[in-house]
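K.L.:
Provide a 3D model corresponding to the input given below.
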Amino acid sequence: MQKENQICKFAPADRLSGVSEYYFSKKLKEVAQMNAEGKNVISLGIGSPDMPPSDETIKTLCDNAWNANGHGYQPYVGVPELRQGFSNWYQRWYGVELNPETEIQPLIGSKEGILHVTLAFVNPGEQVLVPNPGYPTYTSLSKILGAEVVFYNLKEENGWMPDFEELEQMDLSRVKLMWTNYPGMPTGANATPELYEKLVNFARSKGIIIVNDNPYSFILNDKPLSILSVPGAKECCIEFNSMSKSHNMPGWRIGMLASNAEFVQWILKVKSNIDSGMFRAMQLAAAKALEADADWYEGNNKNYRNRRHLAGEIMNVLGCKYDEKQVGMFLWGKIPESCTDVEELTEKVLHQARVFITPGFIFGSNGARFIRLSLCCKEDKLAEALERIKAMK
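P.N.:
Sure thing, here's the model as predicted:
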């Protein structure tokens, strides 16, 4: 006699209970459905550069892809050419000396680095300081890995800088890491040497490791800065950088971190047990991209300046106020008092003007009355988005 088929019930791991699907993952499905219905949505949502890397970068990729010996597994520490390329880049643009053999770790994008650093330094139940507003992945990955997230405020009245007096009043006894991100996403607040000095001093006095996420320093920014330029910073700081934003290579998934040799070795222990090295031809092409001169960066920024002007006009039409001193590839604006809720505005713009813009609440409670516009959109599309929004009822 055959037994009846029994339906097994499964449940996800407990760690998923504290996180939800990434906002853009969900929202872009809705946008895709609207496009499938012929609504032709213009997306000013995510920050995915739509311009190509340099011609030399692409040529290097193609030439090396033909190398029959270049398709095998690559070193976990990255090829020497890429590590040296990052070292030269840091010396040239940030004035920071890094040992390419011991103080640099290439990454499959800096998002991967958030995972590796948290696993290397934070035990379950220990705490991490996360900016509010800030990149949502600092929060979600920390929760997935069992760390306790403690938010610290970034506020408009303080120029979106940490309030060190407020931090001093907090119980920091279980805090292992502090995530910082300058130039800031989503706020566009720029770093200063004084800010980095304060952060390094804070790290030393509290025994906390500062992890500075620094992918935007070449976008609409006259003077790129690194926290590692502060004397002694390598002893207590880790810095991420990325090819995605600075060199128009988001789909390549090439980033890096830099710190002292011991920290890098601890992180390598994690990385080497999770993934492998990147395709050799991509690493060599990335090393070539890092050789770009000032004219290449200026050409990139010329496009961003034109787009930024149009984004500013969109902000004005929506009645949003923004700081002209912002840098990076987004524009962050405060919604008018007449709006009761930011999502009321973003949903109206999406469904009436068919333009997708990002509500600031996804970056934290301090972003609840702000919107973010991405500059990763061609000028003609930005101009069309402007006209559509002007025509809204």
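K.L.:
quick one, phi/psi of Asp275?
P.N.:
Per-residue torsions, Asp275: phi -140, psi -170 (degrees, to the nearest 10).
K.L.:
who touches it in this structure?
P.N.:
The contact partners of Asp275, by CB atoms under 8 Å, 6 or more residues apart in numbering, come to Ile108, Glu112. Any C-beta I mention is one placed from the backbone N, CA and C, and that applies to glycine too.
K.L.:
how close does it sit to Leu225?
P.N.:
Going from Asp275 to Leu225 by CB to CB, to the nearest Å gives 30 Å.
K.L.:
try Arg354
P.N.:
Taken as CB to CB, the span from Arg354 to Leu225 is 39 Å.
K.L.:
can you check Leu195 too?
P.N.:
9 Å.
K.L.:
neighbour count winner among the two?
P.N.:
Leu225 (23 against 20; other CB atoms under 10 Å).
K.L.:
which residue is the nearest non-sequential neighbour of that one?
P.N.:
Ala191 (4.7 Å; CB to CB, 6 or more residues apart in numbering).
K.L.:
give me the buried positions along stretch 15-31.
P.N.:
Phe24, Lys27, Leu28, Val31 (16 or more other CB atoms under 10 Å).
K.L.:
endpoint to endpoint, that stretch covers what distance?
P.N.:
End-to-end span of stretch 15-31 (CA to CA, to the nearest Å): 29 Å.
K.L.:
that one: how far from the chain's middle?
P.N.:
Relative to its chain's centre, stretch 15-31 lies at 17 Å (CA atoms, centre = their mean, to the nearest Å).
K.L.:
report the rounded mean pLDDT for it.
P.N.:
For stretch 15-31, mean pLDDT rounds to 82.
K.L.:
for stretch 295-312, same thing?
P.N.:
Per-residue scores along stretch 295-312 average to 97.
K.L.:
who's in contact with it?
P.N.:
Contact with stretch 295-312 is made by 44, 51, 54, 218-220, 246, 248, 322, 329, 331, 373, 375, 377, 379, 382-383, 386, as judged by CB under 8 Å, 6+ apart.
K.L.:
which other residues reach stretch 118-130?
P.N.:
Contacts of stretch 118-130 (CB under 8 Å, 6+ apart): 138-139, 141-142, 145-152, 167, 172, 174-179, 208-209, 263, 266-267, 269-270.
K.L.:
just to be sure, which of those are found in strands?
P.N.:
When the contacts of stretch 118-130 are checked against strands (DSSP state E), the matches are Glu148, Val149, Val150, Phe151, Tyr152, Val175, Lys176, Leu177, Met178, Trp179, Ile209.
K.L.:
go ahead and confirm the last one touches Trp179.
P.N.:
Read it as Ile209. No. With contact defined as CB atoms under 8 Å, Ile209 does not count as touching Trp179 (10.0 Å).
K.L.:
can you give me the strands in this protein?
P.N.:
Counting by DSSP E, the strands of the chain are 42-43, 104-107, 127-132, 148-153, 175-181, 209-213, 237-242, 255-258, 321-322, 330-334, 355-356, 358-359, 370-374.
K.L.:
need the contact partners of the first one.
P.N.:
Contacts to strand 42-43, defined as CB under 8 Å, 6+ apart, come from residues Leu28, Val31, Arg354, Val355, Phe356, Ser374, Cys377, Lys381, Leu382, Glu384, Ala385, Arg388.
K.L.:
in its sheet, what does that strand sit against?
P.N.:
In the sheet, strand 42-43 lines up against strand 355-356 (parallel) (DSSP bridges).
K.L.:
now swap in the longest one and tell me
P.N.:
Note on strand 175-181: by DSSP bridges, its sheet partners are strand 127-132 (parallel), strand 209-213 (parallel).
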